[in-house]
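Q: Okay, here's the prediction I keep looking at, along with the sequence it came from:
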Amino acid sequence: MAVITGSARGIGYAAAEILVAGGARVVIADLDKDAAEHAAAQLGAGNAAVWAGNLAGGGAAERLIATAIDSFGKLDILVNNAGYTLDAPVHKMNDADFQSMLDIHTLVPFRLIRAAAPHMREAAKRERAEGIVTFRKIVNVSSMAAYGNAGQANYSSAKAGSIALAKTVAREWGSFNINVNAVAYGVIETRLTQAKTSDSVAEIDGRQVQIGIPEQAKAMMSAMIPMGRGGTPAEAAGGIAFLCSPWSNYVTGQVINISGGIGLGMQS
């Protein structure tokens, strides 16, 4: 049983498809209720539940985890994928935009992991006392920007924090057979990396946020990729699927860079 945040579309939905194909049931968690319900319907009856809301709101993490337990009775996998960008150079960035990125990319995963503890860590303690071995998985979705990217001091800092969080929880929960890892993406063809248009706007916490990147910046990033193209959501989700599978049972505290060959940093 899996919870995947930001899974109504893009990488999150591609991950949900792979996990459901492998026999998992998922909670589609997203800001957009209509999109989440459509995604759940596409996954097939009985395979998905829906939670819709702003994960950065107070108590949201606890409500999402409660939805998972109420729907499927347990929690085996948590994928912290939800996020967006608010770009600006440091000298033009305001406190609110910096804090917003810390909230969604670092604070929300922390809250969800903490809310999941009774159903992962404590469940593992009970199983260990009974001689039962069960592996559970947590994946934080980060970015190559975590290594530093001009114009994204807020996003880069928050995504670096999500990596540090994964590594820390991996150390704390390793003895309970809970594998905690991160994936760091380069250019993946989703709404966040499409060229900006006047229509590419999402409402987040009562604010209109323009989604995408300038056409010139997109062309420059694509030129830096050794494989010569951005990745597809399905290719990106493959890394998540591996880290949620039995093949990763001895992998914890690691970061898989899924970038088509981009090195350390988007501008390297």
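A: Great, that's in hand. Numbers count the residues shown, from 1 in each chain.

Q: what's the pLDDT at the residue most central in space within the chain?
A: Taking Cα atoms, centre = their mean, the centroid of the chain lies closest to residue 81, which sits 1.4 Å from it. As predicted, residue 81 sits at a pLDDT of 98.

Q: Settle this for me: it is touching residue 7, isn't it.
A: Yes - checked against Cβ atoms under 8 Å, the pair residue 81 and residue 7 is within contact range at 6.5 Å. For the C-beta atoms, the positions are set from N, CA and C on the backbone; glycine is no exception.

Q: Next, show the common contact partners of those two.
A: residue 15 (Cβ atoms under 8 Å, 6 or more residues apart in numbering).

Q: what about the strands in the protein?
A: With DSSP state E as the criterion, the chain has strands at 2-5, 26-30, 48-52, 77-80, 136-143, 178-185, 201-204, 207-210, 255-258.

Q: got TSV for those strands, with distance to residue 248 and mean neighbour count too?
A: Putting the strands of the chain into TSV (distance: least, Cβ to Cβ, whole Å; neighbours: other Cβ atoms under 10 Å) gives the following:
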stretch	distance to residue 248	mean neighbour count
strand 2-5	14	28
strand 26-30	18	28
strand 48-52	23	21
strand 77-80	11	28
strand 136-143	7	27
strand 178-185	6	26
strand 201-204	32	13
strand 207-210	34	12
strand 255-258	10	19
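
Q: Serialize those strands to TSV and add fields for distance to residue 71.
A: Formatted as TSV, the strands of the chain follow (distance: least, Cβ to Cβ, whole Å):
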stretch	distance to residue 71
strand 2-5	10
strand 26-30	6
strand 48-52	4
strand 77-80	14
strand 136-143	17
strand 178-185	21
strand 201-204	25
strand 207-210	30
strand 255-258	29
